[in-house]
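Q: After the sequence you'll find the predicted model.
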There are 2 protein chains.
Amino acid sequence: MTSPLRVLGVDPGLTRCGVGVVDVARDRSAALVHVGVVRSATDLPIERRLATIAAGLREVIAEHRPHVVAVERVFAQHNRSTVMGTAQASGIALLVAAENGLDAATHTPSEVKAAITGYGSAEKLQVQTMVARVLRLDALPQPADAADALALAICHAWRRGSAAAAGSSTALTPAQRAWADAERLSRR
Amino acid sequence: MTSPLRVLGVDPGLTRCGVGVVDVARDRSAALVHVGVVRSATDLPIERRLATIAAGLREVIAEHRPHVVAVERVFAQHNRSTVMGTAQASGIALLVAAENGLDAATHTPSEVKAAITGYGSAEKLQVQTMVARVLRLDALPQPADAADALALAICHAWRRGSAAAAGSSTALTPAQRAWADAERLSRR
């Protein structure tokens, strides 16, 4: 029927930026495409660190050609000392998406946990366990920050899939609209 | 003697991003090169807004060829509702600097105020008045956020100039090192 939606999830960070690419089918089944971490050396000046993150994300997009990019939403109140770097890294991820002609979306950690495990205050391990199960992996996805990126990617596809099923097509990406349209046609 | 240091100051923002370019000579005299605001429409998705900011900054760099980029440092505790967008815009400014092979630096609002007016808790109007005086403008620089960008650019040149004079060359950009070297030679 319709081809799966390929989502790049980004767990933004300056020192370690988790990236996960998954293919999610209309029936919510998901397959792992790529998982990894883009790193930047802590002794580089901030502008070089951000350029390193941008280059790493561009490489992942060029290699795996996602349809959409999902980035974890960063809040001001979290972990004061690193939050600005995390926000800057998230800005870079969103920019790189736009510059590749891709739509982007942000999801909060609670939204990701709720989408993956069914409740918004799930433990990290529960999320990782569910991600491994969904992707039919033999072990927990490693490293942990990359697991978060995978959860984010799955969350995005599942949440948008539900939105499409609910018929609220206004906030959909082109790929999601294509899905929603295909679904409508299949119902005739 | 040595040619002036051309600094691009960026007052980061998602809706309005102030940009100011100044030439600062070794004797601290400064001349206005460019002042303006890069805007992004509030109804665009965040990734498009960041791409608009990036494109605007790249245009200013391409046209005015600064030697270095100074960006206002953003703090988590400031103005909760917009701080994440401001942080993301600052990340974009730093990235664009790096991608143009330029060094970048960040300065806090207090550092800018102290460098321009002599005290770190100066009023906005005092800073603008000093900027106008330093640049020999007939009126206060407009708009106000662009004035902040000019103050930032002057601050950067003056602070680095002092650092160079003090002989602390380790944290200097190539242009600043060139200045410091020229100064050392002139003392022989």
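A: Structure's in. What do you need? What you are looking at is a predicted structure, and each value in this text was computed from that prediction instead of being measured.
Q: Which positions within stretch A:21-37 qualify as buried?
A: Buried residues in stretch A:21-37, counted by 16 or more other Cβ atoms under 10 Å in any protein chain shown: A:21-24, A:26, A:30, A:32-37. Where C-beta positions appear, they are placed from N, C-alpha and C, glycine not excepted.
Q: ok, which pair from those is furthest apart?
A: Farthest-apart pair in the buried residues of stretch A:21-37 is A:Arg26 and A:Val37; separation 29.8 Å (Cβ to Cβ).
Q: restrict the buried residues of stretch A:21-37 to those near chain B?
A: The subset of these within reach of chain B, counting by Cβ under 8 Å from any Cβ of the partner chain, is empty.
Q: Check these for the minimum pLDDT and say which it is.
A: In terms of pLDDT, the weakest of the buried residues of stretch A:21-37 is A:Arg26, which scores 92.
Q: for the helix ranked longest in chain A, packing partners?
A: With secondary structure taken from DSSP state H, chain A has its longest helix at helix A:144-165. If contacts are counted by 3 or more Cβ pairs under 8 Å, 6 or more residues apart in numbering or on different chains; DSSP states H and E, helix A:144-165 sits against strand A:5-11, strand A:16-24, strand A:30-39, strand A:68-72, strand A:103-107, helix A:109-117, helix A:124-134, helix A:174-187.
Q: Any residue of the helix or strand where A:Ala51 lies touching chain B?
A: Using DSSP states H and E, A:Ala51 maps to helix A:46-64. Yes: Helix A:46-64 lies within reach of chain B by Cβ under 8 Å from any Cβ, at A:46-48, A:50-51, A:54.
Q: Next, the angle from that helix to strand A:5-11.
A: 160 degrees (axes from the mean of the first three to the mean of the last three Cα atoms, to 10 degrees).
Q: What sits closest to A:Arg49 if chain neighbours are left out?
A: Leaving aside its sequence neighbours, A:Arg49 sits nearest to A:Ser40 (Cβ to Cβ, 6 or more residues apart in numbering or on different chains; 3.9 Å).
Q: now chain A, which segments are flagged as low pLDDT?
A: A:1, A:77-80, A:162-188 (pLDDT under 70).
Q: Contact residues of it facing chain B?
A: Contacts of chain A with chain B, taken as Cβ under 8 Å from any Cβ, map to A:45-48, A:50-51, A:54, A:69, A:74-77, A:80, A:83-84, A:87-92, A:94-95, A:97-99, A:102-104, A:106.
Q: follow-up on the earlier one: tell me which residues of the longest helix of chain A come out buried.
A: A:144-161, A:163-164.
Q: From the chain's centroid, how far away is it?
A: Relative to its parent chain, helix A:144-165 has a centroid offset of 6 Å by Cα atoms, centre = their mean, to the nearest Å.
Q: And for stretch A:104-120?
A: 10 Å.
Q: check contacts around the residue nearest to A:Arg49.
A: A:14-15, A:17, A:48-50, A:52-53 (Cβ atoms under 8 Å, 6 or more residues apart in numbering or on different chains).
Q: what's the answer for A:Glu111, then?
A: Applying Cβ under 8 Å, 6+ apart, the residues near A:Glu111 are A:120, A:155, A:159.
Q: Try it again at 7 Å.
A: A:Cys155 (Cβ atoms under 7 Å, 6 or more residues apart in numbering or on different chains).
Q: Against A:Arg159, how distant is it?
A: 7 Å (Cβ to Cβ, to the nearest Å).
Q: All good on my end, thank you.
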